[in-house]
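A structural model of the following input is requested.
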Amino acid sequence: MDGGGNENKIEDEDKQALAALSSVPSPHRAKVHSYSQQLRGEKKPYRQGRKHSLDGIPAGGSRPLSSSDDDFSNYSLDEEEGALDLKPFTPLGEFVAAVSPAAAGSSSPGPGGGSGSGSVSGGKGEAIFKVPTRAAVHPGRPPCLELRPHPLRETQVGKFLRNIACTETQLWAGQESGVRFWRFDRIYDPGCGLGGKVRRGDEDAAPFQESASTSPTFCLMVDAANGLVWSGHKDGKIRSWKTAANAPFKEGLSWQAHKGPVLSMVMSSYGDLWSGSEGGVIKIWPWESIEKSLSLKSEEKRMAALLVERSAIDLRSQVTVNGNCSISSSDIKCLLSDNIRAKLWCAQSMTFSLWDARTKELLRVFNIDGQTENRVDGAAAPAEKPAKEGKGKSVNKKEKGQGFLQRSRNAIMGAADAVRRVATRGTNAFVEDPKKTEAIVMTADGMVWSGCTNGLIIQWDGNGNRVQDFNLLNKNTAVQCFCTFGARIYVGYASGIIQMLDLEGHLLQMWVAHSNPVLKLAVGKGYIYSLASHGGIRGWSTLSPSPIDQILRSELAGKEATYTRKDQFRVLIGTWNVGQGRPSQEAMMSWLGSTAGDVGIVVVGLQEVDMGAGFLAMSAAKETVGLEGSAIGQWWLDNIGRALGEGSVFERMGSRQLAGLLVSLWVRKNMRQHVGDVDAGAVPCGFGRAIGNKGGVGLRIRVRDRIMCFVNCHLAAHLEAVNRRNADFDHIYRNMVFGKPTIPNAAGMLLNSGGGGGGSNSNNNGSSEDTKPELSDADMVVFFGDFNYRLFGISYDEARDFVSQRSFDWLRERDQLRAEMKAGRVFQGMHEAIITFPPTYKFERNVPGLGGYDSGEKKRIPAWCDRVIFRDTRPGSSTPSQCECSLECPVVSAVIQYEAVMDVTESDHKPVRCKFHIQVAHTDRSVRRQEFGEILRTNEKIQSLLEECRVVPETAVSTNSIALQNQDTAILRITNKSAADKVVFRIYCEGQANFKDEGDEAEYRARGNHGFPRWLEVTPAAGIIKPDNSIEVSVHHEEFHTLEDLVDGIPQNWWCEDTRDKEVILVVVVQGSGSTEVATHRVHVRHCLSAKTLRADSKSGSRRGQKSDPKQQSGSSDATDDSRSSQKP
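From the prediction side, this is the model:
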């Protein structure tokens, strides 16, 4: 609806807004509502306060990394390569010939067509309007192994992967319906393809095996000593799975561990299984009972479960006195075993607890700032009541001279503000602390690192003292996970970024690994595997950065033709300002149904579906609390579906409504399997940038691994408001955030995977790393709708005469949008096909023909208000041959129909439709994975470099045999003979056996995850040895008697360990700081004297005996063991 106003004021403020747009960078998403808040606080008259620049938005730097899973990069990660330069777009007419005649022949451009030399381009696409650069191999990150390519979200319902873990020979993944695993010897094999034995989403994944359906898996733990993988589940059960290649893939020992979900598990340095659940519950499952249960037959499954369940030690009950508990009641986030000091860390959101792994005593409780806490749980302080609104404030009376528009605007803003205040008041009580712990890991030097939701990384010593902290991204993006390899730390973020650090916290390398949050990292067989929230798994070489990376890039790029696939299809875009009308089914068929027979995707945008002050206020209120849609909007969706043959021919995949704006997307059924990841977004541009009478709604989809965005807009009205329309487009482009669904993360908690929830332009996840508009990363962007650009310098009568003569060439020269695009002030870097149809605005309703143009009192000049503007991935090029569809230019489009449907008369606008013929180049991930493996196996340079990385520094161990008596201590010296490289070592117990006479073969039995027996202390059991240095390891016999472990006051454990005639084998594993292989040394430790079995007095507690003799070093000469093996995780 048009209205009057002060023309000079509008021009002045719009000039200021336009001037500001050229220099204002992309706004931070958290500031999207700042303008409306400023407007309400300034109390300026309506016309004066309605600015369209992005005032008050802080400047943000350009993001030098790509967030897409596709192989492209807007900027190179290495400064030497420099930024990739992009030229202006090629005019549309120069590349239409690239479309095959057979494909384009069915609809030749004519009076209603859109191809030709008269098309217009929107100036130079620079800065945020740059076309994203694509490449066959991503230049901004290390080459990766695509173990499981990014599956479409719609294919993963009930099957989302939550976590991963590696054994020596397999990669295991926990999912919402069980577990699966990949064998490392088949990671380069091709997938089954569509129509294979796997479900959709896994057709390109490497071959894997999947378990029967179980409750959702929340955590995984590997027990290498016993060939088991343990999984914790939502139903509170812990399940075991055998990892042997010939073992049947079925559930083994399982028991009911918790009432709530099992959120974390770990094996202590003594082989006991610790598990954590909701409410701060921590339980210990002694290895002796687990070992006994594992030995029972499958027919005794129930008895085995009962045996373990009855052995549980509830630590929370043991540290609760008179109802006060020493540890927090918040959920357990992570459990970490400190095998160096025989301790165990329990991380909760805001606190840590430190336990003795041997005695199971609570050593310390401290908060995230390192301060000791004596009591965590106590009476909650009453919440402060928010101050009453308006108290102490004067309210200005309305001016008598206000017009209808001003009063309507005040009513709408008042209603929206009231709802927003209520919503804010209701959520203030639940504001989360931004410093919550999300992940924890121990490094080879014995330090502990934790990551927080605000991106902070904290380093702790082994006693829980805070050493230092880092914020390496300088962004509020959550740390999701850690893993370590040698002397390196890998950090996964919610932004999809992976960082590689050294042990001092220095950043060695950083890259965007996924377009979604990195849920989990795991080390196995020379790769760091990363799991993204969308379910994709990639492997990153543990050698990166190295010369191998560049060789792989070059070789993979040279084989581009073998894994490149091309497809083509057609997309129909329909736009119509319906003026709150409801057309007949005949009109819908004339507009959409008659031309959709050869298209695969239909996108429909409507404006003014419903208007009025009451509806706009209600719409703004619903947007505030995350609701959208209306009964009238549903009526339109039903009727569009009827015109397209929904159910039999097309399927609706997504829609989004913002007040009077509605966009919907429909896909032909035979193309459905290639389209998914539908996300929606909305940006209001109306009153105060908060009301949806003007603005944009958008949908984003993945088609053949390419991202396409469709944005339906309704921009500012009036002939003179050119600058305001330009500002509206800029605001929509910069602030369109496509909401993604909340996906459970590795711990089973809801995680926003990067979007704004599909609501308005507000962005609630402050952890977004992306400072560039999301539209700038898309392969194809289409803007359509009622842009409201008019004809200038022409009278009503002159325009009518030119229209009647169909002299559209002259009229196009008077088109405001064409002039603004040529000047580079709007739709930068985008195209519009030549217009060969009459202006679509303004008509008298139900009046057919060109005689229906407005002849009322205002006599509005006919104008092309309803338009379709687009861009694809074509670079600036002077010859059509350089615009061929390829992985460097993966989406090439040609307009084959651009017309208005003039026989539809139910609105004052005519509906417009635009049909694209689109060619898409994409990667066959399965074939490229094969090529990746073939290059690694056959390339001589790579093999030579790999051989160099297998070298393990020479080390010596002082003895291979130690004999201990009661309370004895022996010193085991490990010497690093290398003058250049550090040695990373760790010691584990390969097994324990009864000491037998000479000639008899001992049967060694390993505890959980190679844990030490309770009578043996090895300190330190891991560490780093500098070049030409040695370290002394204490091997101590400790007389151990098990205390009575109580559950609800009932003694649970009455046994104690007998150390008589025992022998253990200690394995010293050494590797270089970046070696891909390890060397091992075996040391036999015997305890020859018997110890009496007795029951400890529960009141006396555990008491260490005094060491009878001073420490003595074994007198045997240095012995080395040249046994080598591939790197164990």
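
okay, now D638: neighbour count?
Per other CB atoms under 10 Å, the neighbour tally for D638 reads 12. For every residue, glycine as well, the C-beta is placed using N, CA and C.

now the one helix or strand it maps to: buried residues?
Using DSSP states H and E, the element containing D638 is helix 631-644. By neighbour count on 16 or more other CB atoms under 10 Å, the buried set for helix 631-644 is 632-633, 636-637, 639-641, 643-644.

and if you look at stretch 553-568?
Under 16+ other CB under 10 Å, the buried positions of stretch 553-568 are 553, 555-556, 559-560, 563-564, 567-568.

now flag whichever of these is closest to S119.
Using CB to CB, Q568 is the member of the buried residues of stretch 553-568 that sits closest to S119, with 20.6 Å.

wouldn't the closest one be in contact with H922 here?
No - using CB atoms under 8 Å, Q568 makes no contact with H922, being 11.7 Å away.

if we can go back for a sec, make a markdown table out of the buried residues of stretch 553-568 and add secondary structure.
Supplementary listing: the buried residues of stretch 553-568 in a markdown table, determined by DSSP: H, G, I helix; E, B strand; the rest coil:
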| residue | secondary structure |
| --- | --- |
| R553 | helix |
| E555 | helix |
| L556 | helix |
| K559 | coil |
| E560 | helix |
| Y563 | helix |
| T564 | strand |
| D567 | strand |
| Q568 | strand |
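
which residue is the nearest non-sequential neighbour of L945?
Using CB to CB, 6 or more residues apart in numbering and skipping the chain neighbours, the partner closest in space to L945 is I548 (5.4 Å).

again with S655
S664 (3.9 Å).

isn't that neighbour right up against R652?
Yes - between S664 and R652 there is a contact at 6.4 Å, judged by CB under 8 Å.

tell me the bridge partners for W172.
A165, F181 (DSSP bridges).

number the chain from 14, please
Happy to do that; since the first residue is 14 now, the last one works out to W185.

give me the neighbour count for it.
24.

any idea which element the nearest residue to K572 once chain neighbours are set aside lies in?
In space, and not counting its chain neighbours, K572 is closest to E944: 5.0 Å by CB to CB, 6+ apart. Using DSSP H and E, E944 sits within helix 938-951.

remind me what that helix packs against, helices and strands.
Contacts defined by 3 or more CB pairs under 8 Å, 6 or more residues apart in numbering; DSSP states H and E place helix 938-951 against strand 157-161, helix 560-571, helix 573-576.

counting by contacts, list what the helix or strand following that helix packs against.
Once helix 938-951 ends, the next helix or strand along the chain (criterion: DSSP H and E) is helix 953-962. When contacts are defined as 3+ CB pairs under 8 Å, 6+ apart, helix 953-962 sits against helix 560-571.

only alpha carbons, please: show the helix it packs on as CSV.
Written as CSV, here are the backbone C-alpha positions of helix 560-571 (Å, rounded to 0.1, in the frame of the first residue of the first chain):
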residue,chain,number,x,y,z
PRO,A,560,54.8,-32.2,2.0
ILE,A,561,52.4,-35.2,1.6
ASP,A,562,49.5,-32.7,1.7
GLN,A,563,50.6,-30.9,-1.5
ILE,A,564,51.3,-34.1,-3.3
LEU,A,565,47.9,-35.4,-2.5
ARG,A,566,46.2,-32.1,-3.6
SER,A,567,48.1,-32.2,-6.9
GLU,A,568,47.4,-35.9,-7.6
LEU,A,569,43.7,-35.7,-6.7
ALA,A,570,43.2,-32.6,-8.9
GLY,A,571,44.8,-34.4,-11.8
